[in-house]
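Student: Predicted model follows, preceded by the sequence.
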Amino acid sequence: MKKDDRIVLEIGDINNLGCGVGRAEDGRVVFVKGAVTGDTIEAKIIKVNKSFAVARMEKLITASPCRVERDSCTAPLSCGGCVYRHIKYEHELEIKRGYVKNAFVKVGLADVNVLPVMNTGKITGYRNKGQFPLTTVKGRVTAGFYASKSHNIVPSDECAIQDPAFAKVVAEVCRFATERGISTYNEETGKGILRHVYLRIAQKTGEIMLCIVINSDNLPHADELCQRIREIFPLVSGILLNVNKKNTNVVLGDRFITLWGNDYIEDELCGLRFRISPQSFYQVNRDGAEMLYTEAAKKAELRGNEVLMDLYCGTGTIGLSMAKNTKKLVGIEIVESAVECAKENAERNGVQNAEFYCADASDRETILKCAGGVRPDVVVIDPPRKGTTRELVECLASLQVPRVVYVSCDPDTLARDCVWFKEMGYEIGEVQPVDMFARTGHVETIVCLRKQ
C-alpha cells in the first residue's frame, strides 16, 4: 500500500475522533474521517505507516443504517468540532459506552459493568459558552471556528451545539466592526485589534455575558457598540473587554474591563444559584450537569450525618449540590480564585455547613486538618483530564474512607486510577457514563468505589 492508492473498505468501527476504522487487504488498519460503522466506501490513501494508514473517503458505495439522512449542523465539515454529526445519536451513545468499556478492558478490568449512557436527549443548542475567533475576509469582519488540528479559521457564526442566542450577537459584533473599520488580529504579524468574541449564557435565567477579546488596551467606538448591543439584545446583562496582547493559543488574557453592566451572570443549578464570572468554571451543559450531579449524589448515598469531602472542588458546584444531605461539607481546591468563588456560592445560597480551603488535596495531613481531624465518610473527586494521583488514592485508602465517588472526564485515566483503588482494597461499582457533550467524542463517567 502506498500514498494515492484507491481501495475499497468495509468500515467495522468508528473511534472517538469521528474516524471510521476499516482493514486493508494487507491487514493494516485504515482510518477514514467521516466514514461510519457499516459503510462500504472507496477511499484514497493519504498517509501510510507501518501499522496503519489514513485515507480520504472518495465515494460512498453502500451507506450504513447508522448514518443520518441530514446533517443537523450548517458549519463546514472542516470545523472539526462535532465528530459525530453524521451518525444517529443512538449509535453515538453505543460508541461512547464502548469507549468507556474498552478503557477498562485495556487495564485488565474487563469484568467492570459499564451501564448504558445517560443523556438529556438534547443534542443541539446545549452549550452555554462559546468562543469565536475573528478574521477579515474580503473586507468583512467574520467569525468562525478553528479547523481541526490547525489555527485556520473556518468562517461560520452558527454552531449546532451552541446556544442559539449566540449566533445573532456574534453577527452583530462583526457587522459593527466592519462598519467602523476595526481590524482583526493576525497571528503571524501580531497586529490587529479584535481576537475573539466570547459569550456565556445562564440558560435558566437567560442572562448573557458578552466579552470581546482584544490585542489592545481599548476598543475603538466601544460606547457606540455597547449602545447598539443593549438596544438589540435586552438579555445581554454585561459587556466586557478582555486584554490579551500575548502571542499565544490561550484565548483569554488576565485583564478584564467592564464596559457596561455586570461582570457576571447568574444561573440556577440543582436548586442553587451560582454567580459565573468570565473565568469561572461552570459546566458547559447545564441540563447535563444537573443529571451528572444528581447521579453522583445517588452514588454518595448520603443520609444527613456524614462528613462529605469534595476534592478538586473548583467553585464548589458538586459539593454544594449535596450539602443539604450532609452534616458537613469540606471542599479542597488548589486554585485560590476558585476557592473564593466557592465560598461566595455557599454564602449566596445560605449553605452554612460548608467550608472551603485552598490546599493540595493529595496530602493526608491536609485532608485531616481541613476535616477538623475527622475522617471523611464520603469523598467526591472530580479531577482534570489527567486524572488523580496515586498519592491521593493511597491517602484515601490509609484513612479508610468508606466511599469515594469519582467523576471523570476521561475514561482512560479513570480506568487507570480504578486499578490503583482496587490495589488499595476498593471494590469498583457500576460505571455510569453520562453524555454531557453530544456530537463530540467526549463523555463523562461516574463510579462509586467502596472500601472492603
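Tutor: Received the coordinates, thanks. Residues are numbered from 1 along each chain as shown.
Student: residue ranges with poor pLDDT in the protein?
Tutor: 76-78, 80, 149-150, 157 (pLDDT under 70).
Student: For whichever helix in it runs longest, name the packing helices and strands.
Tutor: Ranked by residue count, the top helix of the chain under DSSP state H comes out as helix 89-106. Applying 3 or more CB pairs under 8 Å, 6 or more residues apart in numbering; DSSP states H and E, we find helix 89-106 packed against helix 411-423, strand 432-434. In this view, the C-beta of every residue, glycine as well, is placed from N, C-alpha and C.
Student: Flag every buried residue along that helix.
Tutor: Residues of helix 89-106 classed as buried by neighbour count (16 or more other CB atoms under 10 Å): 89, 91-101, 103-104.
Student: contacting residues around that helix?
Tutor: Residues outside helix 89-106 that contact it (CB atoms under 8 Å, 6 or more residues apart in numbering) are 14, 16, 36-37, 66, 84, 87, 110, 112, 114-117, 119, 123, 411-412, 414-415, 418, 431, 433, 435, 438-439, 441, 443, 445.
Student: Buried members of these into ChimeraX, please.
Tutor: The ChimeraX selection below is limited to those of the contacts of helix 89-106 classed as buried (16+ other CB under 10 Å):
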select :14,16,36,37,66,84,87,112,114,117,119,123,411,412,414,415,418,431,433,435,438,439,441,443,445
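Student: among the contacts of helix 89-106, which are in helices?
Tutor: 411-412, 414-415, 418.
Student: And stretch 170-189, end to end?
Tutor: This stretch, stretch 170-189, spans 24 Å end to end (CA to CA, to the nearest Å).
Student: Quick check: buried residues in that stretch?
Tutor: Neighbour count says stretch 170-189 has 170, 172-174, 176-177, 182-185 buried, by 16+ other CB under 10 Å.
Student: can you map out the strands along the stretch 201-350 of the chain?
Tutor: Here the stretch 201-350 of the chain has its strands, by DSSP state E, counting those that start in this stretch, at 208-214, 236-243, 255-261, 265-269, 272-276, 307-311, 328-333.
Student: Kindly calculate the angle that the third one makes with strand 236-243.
Tutor: On the basis of axes from the mean of the first three to the mean of the last three CA atoms, to 10 degrees, strand 255-261 is oriented at 150 degrees to strand 236-243.
Student: got the buried residues for strand 255-261?
Tutor: Those would be 257, 259-261, for strand 255-261 by 16+ other CB under 10 Å.
Student: Residue 195 touches residue 244, doesn't it?
Tutor: Yes. Counting by CB atoms under 8 Å, residue 244 is a contact partner of residue 195 at 6.1 Å.
Student: Mind checking which of the two has more residues around it?
Tutor: For residue 195 versus residue 244, neighbours defined as other CB atoms under 10 Å are more numerous around residue 195 (25 against 20).
Student: what about the helix or strand hosting the more buried one, distance to the chain center?
Tutor: Assigned by DSSP states H and E, residue 195 belongs to strand 194-201. Relative to its chain's centre, strand 194-201 lies at 17 Å (CA atoms, centre = their mean, to the nearest Å).
Student: could I have it exported to CSV, CA atoms only?
Tutor: Backbone C-alpha positions of strand 194-201 (Å, rounded to 0.1, in the frame of the first residue of the first chain) are rendered in CSV as follows:
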residue,chain,number,x,y,z
LEU,A,194,-10.1,42.0,17.5
ARG,A,195,-9.2,38.5,18.5
HIS,A,196,-12.3,36.6,19.8
VAL,A,197,-16.0,37.1,20.7
TYR,A,198,-16.5,35.2,24.0
LEU,A,199,-20.1,34.5,25.2
ARG,A,200,-21.7,32.9,28.2
ILE,A,201,-25.4,32.4,28.9
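Student: and that strand, what does it pack onto?
Tutor: Checking 3+ CB pairs under 8 Å, 6+ apart, strand 194-201 ends up next to strand 129-137, helix 165-179, strand 208-214.
Student: So what touches the longest one?
Tutor: Spelled out, that is helix 165-179. 130, 132, 134, 139-143, 157-159, 182, 184, 194, 197, 199, 201, 208, 210, 212, 221, 224-225, 228-229, 232-233, 235-236.
Student: Apply 7 Å and report the result again.
Tutor: With contacts defined as CB atoms under 7 Å, 6 or more residues apart in numbering, helix 165-179 is touched by 130, 132, 140-143, 157-158, 194, 197, 199, 201, 208, 210, 212, 225, 228-229, 232-233.
Student: repeat for stretch 329-345
Tutor: With CB under 7 Å, 6+ apart, stretch 329-345 has contacts from 274-275, 280-281, 307-316, 319-320, 323, 353-361, 370-371, 376.
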